[in-house]
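Undergrad: My questions concern the predicted model and sequence given below.
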Amino acid sequence: MNNWTGIFILVCWVALIVYWLIKGSDVKQNIERHVSFKYILLLSFVVAAVFIVMLYTKTFLQYTLWQTSVQLGELTDIIVLAGFGFAVWARAILGRNWSPHITIKKGHKLIKHGPYSIVRHPIYTGMIIMLVGTAINIGQVFAFVLLLAFFLGFNAKCRLEEELLVKHFSKEYKVYKKRVKSIVPYVF
């Protein structure tokens with residue numbers, strides 16, 4: 001990881017967290033919160049599996065795939081910044097409907113414009129783009145293992161969120177779901 005590009009990437013991640021903390025205080029009241037034992041179990045399993053694999057295959061996961069050149073570092077900065085911008089745009093459009101949990105808010109509206117016209121879960125898409133840039137910049141196997149673990153976790157959470165959205169927005173959400181892909185535009 002190039003020092004300057006690594007610092008830039010770290011600043012992007014910290015800025016995203018700070019933005020979430022600031023905006024998280026101004027959300028609508030929950031009327032329904034979905035707590036899924038399946039999701040908690042899956043998330044716990046994925047986290048445990050990643051840590052176990054990291055403990056027992058330390059040399060493999062620390063294997064360096066490439067050294068990050070200045071040019072590659074600059075490219076990864078652009079990738080991370082694009083993901084950051086997409087996630088922040090999505091969060092801004094979602095507004096007071098946002099929650100870190102799987103919920104339906106009082107007066108909840110189904111958002112289908114802006115980044116939500118490109119993918120149904122643009123915050124996750126933006127964060128995955130940031131993770132891709134970060135993993136490429138780090139250039140080690142463990143970064144790609146973590147990327148895969150986060151992708152699987154986001155995918156599981158998407159499915160649970162969509163169960164709740166179908167329940168509350170029925171036909172409208174089903175039509176939206178047929179038209180717009182989940183995380184990767186035009187693909188998945």
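TA: Yes, it's here.

Undergrad: now the helix or strand where E162 lies, how far from the chain's geometric center?
TA: E162 belongs to helix 141-179 when assigned by DSSP states H and E. A distance of 10 Å separates the centroid of the chain from that of helix 141-179, by Cα atoms, centre = their mean, to the nearest Å.

Undergrad: What helices and strands are in contact with that helix?
TA: With contacts defined as 3 or more Cβ pairs under 8 Å, 6 or more residues apart in numbering; DSSP states H and E, the secondary structure elements packing on helix 141-179 are strand 30-34, helix 37-56, helix 58-61, strand 102-105, helix 122-138. Using the backbone N, CA and C atoms, a C-beta is placed for each residue, glycine as well.

Undergrad: rounded to a whole number, what's the mean pLDDT of it?
TA: Per-residue pLDDT values across helix 141-179 average out to 89.

Undergrad: Next one, pLDDT for the closest residue in space to F150 that isn't next to it in sequence please.
TA: Nearest residue to F150, sequence neighbours excluded (Cβ to Cβ, 6 or more residues apart in numbering): L131, at 5.7 Å. Reading off the per-residue confidence, L131 sits at a pLDDT of 96.

Undergrad: my guess is L131 meets L148, correct?
TA: No: with contacts defined as Cβ atoms under 8 Å, L131 does not count as touching L148, sitting 9.5 Å away.

Undergrad: Show the contacting residues for M127.
TA: Applying Cβ atoms under 8 Å, 6 or more residues apart in numbering to M127 gives the contacts L16, G83, A87, F150, F154.

Undergrad: Distance check, the first one against K177.
TA: By that I understand L16. Going from L16 to K177 by Cβ to Cβ, to the nearest Å gives 27 Å.

Undergrad: In terms of neighbours, single out the busier of these two.
TA: For L16 versus K177, the count of surrounding residues by other Cβ atoms under 10 Å is larger for L16: 20 against 15.

Undergrad: helices or strands up against the one helix or strand the more buried one maps to?
TA: Per DSSP H and E, L16 falls inside helix 3-23. Of the remaining helices and strands, those touching helix 3-23 by 3+ Cβ pairs under 8 Å, 6+ apart are helix 70-94, helix 122-138.
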